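>>> A predicted structure for the sequence below; I have some questions about it.
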Amino acid sequence: MNQRPIIVLAAGPSQLPLIERANELGFESWAFDQDPEAPGASAASRFAAVSARDADAILSRLRPWANEQKPAGVLSGSAAPGALLAASLVGASLGLKTTKHNALKKVLDRGAQRTALLAHSVPLPPATIVLGIEEAVHNVERLGRAVLKPAAGTSGSTGVAFVEPGPNLELRARAAEAAGDGRIVVEEILTGDEYSIDAFAFDKSARVVSITRKETATNPPLPIAFSTVASTAEERSRCSLFYELADMVVQALDLKHCAFNLDVICTANGPVVIEVGCQLDAKIDRLLHFGGRDVYGGLCQIAVGEVPTEWKPMREGVSLRFLYTDRLMRLTAEQMTAAEDLVNSEDARLEWQVQAGTEIHLARSLADTVGWIICKGKSGAEARERAESLTNRVAVLLGLGRDGD
C-alpha cells in the first residue's frame, strides 16, 4: 500500500472504474466533480463537489490536502476539453508530471493540430477550415461527401459526422458548428482500412497499447460505428508503421505522461493520420477492460510518472459496437433491462450512454450514442460478427430504427 494520492478530475460513471482501480493499487483517490451525487464520489478517498473544469476552484480545495500529503499525479477521466486543460494547470501548479497546457490546447484545436503535425511530416488528409454552416454546406456539395468536425472547443467524436449532400446535411453542419467555436473542418474522406492507435506518451516516445480496427457506415441518416481489436497477419505487419506514427505525434505535439490516440487510414500510399485525441479513443478503455487488460491501472501509472507494465498480446478478438437511434424517443427501465438480459445471455456486455426515461434525440454526430455492446470471439472477425448481430437484435427489441428497419 503506497497511499500516494492521485487527483482525478471528474467522477461520473465513466470515471468510476478508474477511481476504483486507483484504490485497488493502493493509491488514495482525490476526486472532483460538480455533481455531489456523482458515482465516483463515494468510491474516492476524498471528494469535493467542484467542477472538474475549474482549475482555480480545484486548487483552492486541494492546497490544504496537498500540505498534508503531496499528490503523486493528476489525470482527467473525462474527454471534456475543460477537464483536460484543468488537469494540466493543476499538475503544473503542484509540480506534477503532466502534458503542458499549451500542448493540450494545440491538440484540442484541430487547425493548430494540423499545422504542428504537418511541420513534423505527419501525413494528413486534405481539409478546409470554414466559418459557418453555409460555407460548410458549399464545400460538402463540391466534394460530394466529407467529414465535418468542430475546429476547436470540443474533443473526440462530439459534432463529428460523415455527410453528403441531402436533407440532413445542414442539420449535421449545425451540430458541428454548435459543438465548437463556430469554425468547421471539412475533411475529405479517404479510402482504406481505418484503425485507432491508442498509446501512452512518455517524454520523447510512445508505447502503443492497442491497435483497433474501426469500421464506419457513412450513409445518412445515421452514422454507425464499431471497432474490433486488430488480430490478422496483415494488421500485425502494419504495426511498425503505427509505432513510428505514434512517436512522431508525441514529438510534434509535445505530449507527455498521458494517454492519447490516433485515427489512421491505411491508404494505397501508406497510413494517414486523420485525428489525434488527448485520451484513449471512444470507449476503447471499456473494450480493453472487457478483454482483460489493466487499462485503468496503466492510466494510474502513467499519471504518477511510472512506466506501465507491458501487456501480453490478446489471443482472442474483442469487439465494441455503438447503438444509435434515428428517432426521438424514450426508453423505459423495463426495456433497458430486457436488452441487458438479451446481451448477457450471449456472454456479452451492454453499457448505456442514456438513462431510463430521458429523451433521446436522433443522432447528429458519432458521439450521439444510446449505448454500446462489447463481446468476445475466437478472432477479431468472429467478435465483430457477434457484435453486429447483437446490435441488430437489440435495435429491434428497443425500436431504435436504423439497424432494425
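Cool, got the structure. Residues are numbered from 1 along each chain as shown.

>>> Can you pull the phi and psi angles for F202?
Dihedral pair for F202: phi -110, psi -160, per degrees, to the nearest 10.

>>> Just the pLDDT at it, thanks.
In this model, F202 is scored at 88, pLDDT.

>>> Surely it touches C258?
No. F202 is beyond contact range of C258, at 9.7 Å (criterion: Cβ atoms under 8 Å). (Each C-beta comes from the backbone N, C-alpha and C, glycine too.)

>>> Looking at the two, which is more packed in?
Legend: neighbour count by other Cβ atoms under 10 Å for F202 and C258, higher for C258 (27 against 18).

>>> List the contacts of the more buried one.
Listed by Cβ atoms under 8 Å, 6 or more residues apart in numbering, the contact partners of C258 are 75, 98-99, 200-201, 278, 302.

>>> Which of the residues you listed fall within helices?
I302 (DSSP state H).

>>> So which of the contacts of C258 sits lowest on pLDDT?
C278 (88).

>>> is it true that it touches A79?
Yes. At 7.5 Å, C278 counts as touching A79 under the criterion of Cβ under 8 Å.

>>> Give me the more crowded residue out of those two.
C278 (25 against 21).

>>> ok, that one - contacts?
Applying Cβ under 8 Å, 6+ apart, the residues near C278 are 79, 84, 99, 104, 107-108, 155, 255, 258, 260.

>>> can you put those residues in TSV and add distance to V295 and secondary structure?
Output for these, formatted as TSV (distance: Cβ to Cβ, whole Å; DSSP: H, G, I helix; E, B strand; the rest coil):
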residue	distance to V295	secondary structure
A79	15	coil
L84	18	helix
T99	19	coil
L104	21	helix
V107	20	helix
L108	22	helix
S155	19	coil
L255	18	coil
C258	14	strand
F260	14	strand
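
>>> So, low pLDDT: which residues of the stretch 251-400 of the chain?
Residue ranges of the stretch 251-400 of the chain with pLDDT under 70: none are present.

>>> Quick one: the strands in it, in order.
258-267, 270-277, 317-323, 329-330, 349-352, 359-360, 371-377 (DSSP state E, counting those that start in this stretch).

>>> now, of those strands, which is deepest in the fold?
strand 317-323 (a mean of 27; mean count of other Cβ atoms under 10 Å).

>>> so what strands line up beside that strand?
Strand pairing for strand 317-323, using DSSP bridges, gives strand 224-229 (antiparallel), strand 371-377 (antiparallel).

>>> Next one: the residue nearest in space to the middle of the chain from L350, what distance?
Nearest residue to the geometric centre of the chain (Cα atoms, centre = their mean): A282, 2.8 Å. Applying Cβ to Cβ, to the nearest Å, the value for A282 to L350 is 16 Å.

>>> The stretch 1-150 of the chain: strands as residue ranges?
Going by DSSP E, counting those that start in this stretch, the stretch 1-150 of the chain shows strands at 5-9, 28-32, 46-48, 73-76, 127-131, 146-150.

>>> can I get these in JSON lines with distance to E359?
Shown next, in JSON lines, are the strands of the stretch 1-150 of the chain (distance: least, Cβ to Cβ, whole Å):
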{"stretch": "strand 5-9", "distance to E359": "28"}
{"stretch": "strand 28-32", "distance to E359": "29"}
{"stretch": "strand 46-48", "distance to E359": "30"}
{"stretch": "strand 73-76", "distance to E359": "28"}
{"stretch": "strand 127-131", "distance to E359": "31"}
{"stretch": "strand 146-150", "distance to E359": "23"}
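
>>> angle of the longest helix along the chain against strand 371-377?
Longest among the helix segments of the chain by residue count, using DSSP H, is helix 380-398. Using axes from the mean of the first three to the mean of the last three Cα atoms, to 10 degrees, the direction of helix 380-398 lies 140 degrees away from that of strand 371-377.

>>> Which residues belonging to helix 380-398 are considered buried?
Within helix 380-398, the residues scored as buried using 16 or more other Cβ atoms under 10 Å are 380, 382-388, 390-391, 393-395, 398.

>>> what's near enough to touch T267?
190-192.

>>> Return a PyMOL selection command for the buried portion of the residues you listed.
PyMOL command restricting these to the buried ones, with burial defined by 16+ other Cβ under 10 Å:
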select buried, resi 190
